[in-house]
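A.B. asks: Sharing a model that was predicted from the sequence below.
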Amino acid sequence: MIPAPAFLANPERFMAFSRWAAPLFGVIAVALALAGLWLGFTAPEDYQQGDTVRIMFIHIPAAWMSMFVYICLGVASLLALVFRHVLADAAAQAAAPLGAGFTFLALATGSLWGRPMWGTWWVWDARLTSVLVLFLFYVAYIALRASLDDEAKAARASAILALVGLVNLPIVHWSVNWWNTLHQGASVFRAGGSALAPVYLWPVLLMVLAYMAAFGSLWLVRIRGEVWRRRAEAAALRAARA
């Protein structure tokens, strides 16, 4: 048998790590967000978009996180499916609502940004549609877990669904290159350098780091909560059998 990652195989080690890591990540997230927002909202207006350009400091990090969290969900689901580790399954279950939140934020802020830029709240553009599909995968994962009473069956079925959803990530990322879309192409990391001026680039990068730190903190807290819930259910079951 292939040895499983020691961290995921040892819940006690995870609980000891997350006890101090979760609040630390939270503090880092707040500090980075304050710096990013201050730089972003004190930056000059864009000569074309005016003040609406500031939506990017919320939208771009949320869009990136929508995909990053799904990768975390997919990896955790794969480990849970292959190694049958309870902690990996708990990590996947804890990530899904957070990913859905980031994706919804990306869709909502994208709509707010699109209205003055495109003249409409929504278009069935390849990028927008694929991100909507990503959001629906998150929702389907959450709904599937909630609909099955058997924990083992719910874990297996939802893990398979999460792995299927990974197919959508390349579509989200490359949609602006594969199809003619209203949504602009890559502007931060692209061949030839960033399309953003430094006065906008640095706030975006700080906000991305803030979002990642916030996700790390919330994810650890949610995993801890899931571990405690499962322990409590196991203890109640043992007590009922005694």
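C.D. replies: Arrived safely. Numbering: from 1, shown residues only.

A.B. asks: contacts, neighbours, all on C-alpha from now
C.D. replies: Fine.

A.B. asks: just checking, what packs against the longest helix seen in the chain?
C.D. replies: With secondary structure taken from DSSP state H, the chain has its longest helix at helix 198-241. Using 3 or more CA pairs under 8 Å, 6 or more residues apart in numbering; DSSP states H and E, the elements in contact with helix 198-241 are helix 11-42, helix 56-83, helix 86-118.

A.B. asks: Residue 160: which of those helices is closest?
C.D. replies: helix 56-83 (7.6 Å; CA to CA).

A.B. asks: And the closest one, what does it pack against?
C.D. replies: helix 11-42, helix 86-118, helix 151-165, helix 198-241.

A.B. asks: and the angle from the longest one to helix 86-118?
C.D. replies: With axes from the mean of the first three to the mean of the last three CA atoms, to 10 degrees as the criterion, the two stretches helix 198-241 and helix 86-118 enclose an angle of 140 degrees.

A.B. asks: mean confidence score for helix 198-241?
C.D. replies: For helix 198-241, mean pLDDT is 90.

A.B. asks: Off-centre distance for that helix?
C.D. replies: Averaging C-alpha positions (CA atoms, centre = their mean, to the nearest Å) puts helix 198-241 11 Å from its chain's average.

A.B. asks: re earlier: now for the helices and strands packed on helix 198-241, which one comes closest to residue 176?
C.D. replies: helix 56-83 (13.9 Å).

A.B. asks: buried set for the closest one?
C.D. replies: The neighbour-count check on helix 56-83 (16 or more other CA atoms under 10 Å) flags 56-81, 83 as buried.

A.B. asks: Check stretch 149-163 too.
C.D. replies: Those would be 154-159, 161-163, for stretch 149-163 by 16+ other CA under 10 Å.

A.B. asks: Name the nearest residue to the spatially most central residue of the chain, sequence neighbours excluded.
C.D. replies: Centroid check for the chain by CA atoms, centre = their mean gives residue 69 as the closest residue, at 2.9 Å. Sequence neighbours aside, residue 99 is the residue nearest to residue 69 in space, at 5.3 Å (criterion: CA to CA, 6 or more residues apart in numbering).

A.B. asks: right, and the one you found touches residue 72 too?
C.D. replies: No. Residue 99 lies out of contact with residue 72 (CA atoms under 8 Å); the separation is 9.4 Å.
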